[in-house]
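Novice: Pasting a predicted model and its sequence here:
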Amino acid sequence: MRRCYVCIGTARAGMRLTTSRHRLTEHGGRPMTFQDWLLFSAASAAFLVVPGRNTKRIIACRQAGGGRAATLCVLGCMTGYSIAACLVFGMAQTMSNINATVLSALRWPGMAVLMVLALRLWRAPLHIGPVADNDNLADRRAMVIVSQAVIGSALNPRTLVFLLAITTQITSGFSPFSGDFLAMELAFLGLAAFACGLQAIYAHAFDRMIRRRSARRMVQPKGKSMLISARSVSAGYRRIAA
């Protein structure tokens with residue numbers, strides 16, 4: 001009789017476990033697969049390698065302060081990236097804990113945002129700010145360099161938009177009451193450290209690439225050439241009259 005009760009209890013526990021797993025699977029609770037990790041890693045690496053404001057900041061620190069300033073800037077950028085990832089991934093996990101189907105419903109809008117972001121990164125000029133060989137730092141103190149890099153990386157709209165869009169494509173990493181998002185944060189931080197370190201080591205190569213591409217994409221606005229020509233003609237007439 002006792003064996004029968006034990007068997008019945010074991011069967012009920014197994015049925016409950018199977019039912020809970022089935023419910024989690026229905027709401028996107030499956031663990032992350034190799035394809036999910038490959039998609040996340042490839043998209044994050046491509047996003048981080050494309051030069052942006054952080055790249056220009058690292059190059060300026062390397063040219064003005066050498067390896068020490070570049071290392072401090074890299075540490076600040078890594079800290080800012082980790083803050084942005086914790087903020088976005090934590091918010092996505094909280095939303096998934098409240099309603100497991102929220103991220104799945106945003107899959108198509110997130111894909112559209114990723115496509116627009118990729119197009120803008122591909123077509124936009126890489127250079128930001130004036131082109132000059134004497135890229136001097138306004139303040140070379142370590143705390144100032146790190147704080148500027150942290151704020152610039154954590155509050156970068158491009159980074160926040162990318163992280164928000166990529167979370168909608170990998171809903172399995174944010175299954176209810178799961179800890180996969182912590183592994184995603186560590187992976188993103190590792191890729192960010194690799195990209196920033198690469199940009200600091202090969203700062204001159206990245207600087208040449210930015211200048212070359214910016215020179216090819218530099219286009220005169222409408223009417224600017226005509227305005228310059230009119231000013232030149234006016235200056236010529238003034239010299240003749242004088």
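Specialist: Sure, I can see it.
Novice: Please enumerate the helices of this structure.
Specialist: Taking DSSP state H as the test, the helices found in the chain are 2-26, 34-49, 53-98, 102-105, 107-123, 142-154, 157-169, 180-201, 203-217, 224-241.
Novice: Distance-wise, check residue 41 relative to residue 48.
Specialist: 11 Å (CB to CB, to the nearest Å). From N, CA and C alone the C-beta is placed, and that goes for glycine too.
Novice: what touches both of the two?
Specialist: residue 191 (CB atoms under 8 Å, 6 or more residues apart in numbering).
Novice: measure residue 76 to residue 63 for me?
Specialist: For residue 76, the distance to residue 63 - CB to CB - is 17 Å.
Novice: of those two, who's got more company?
Specialist: residue 76 (28 against 19; other CB atoms under 10 Å).
Novice: Tell me how many other residues surround the residue nearest to the more buried one when sequence neighbours are not counted.
Specialist: In this structure, residue 76 finds its nearest non-sequential neighbour in residue 149, 2.6 Å apart by CB to CB, 6 or more residues apart in numbering. Neighbourhood size, residue 149 [other CB under 10 Å]: 25.
Novice: For residue 149, list the residues it contacts.
Specialist: 54, 57, 72-77, 79-80 are the contacts of residue 149 under CB under 8 Å, 6+ apart.
Novice: Where neighbours are concerned, which of those residues has the most?
Specialist: Neighbour counts for those (other CB under 10 Å) peak at residue 77, which has 31 neighbours.
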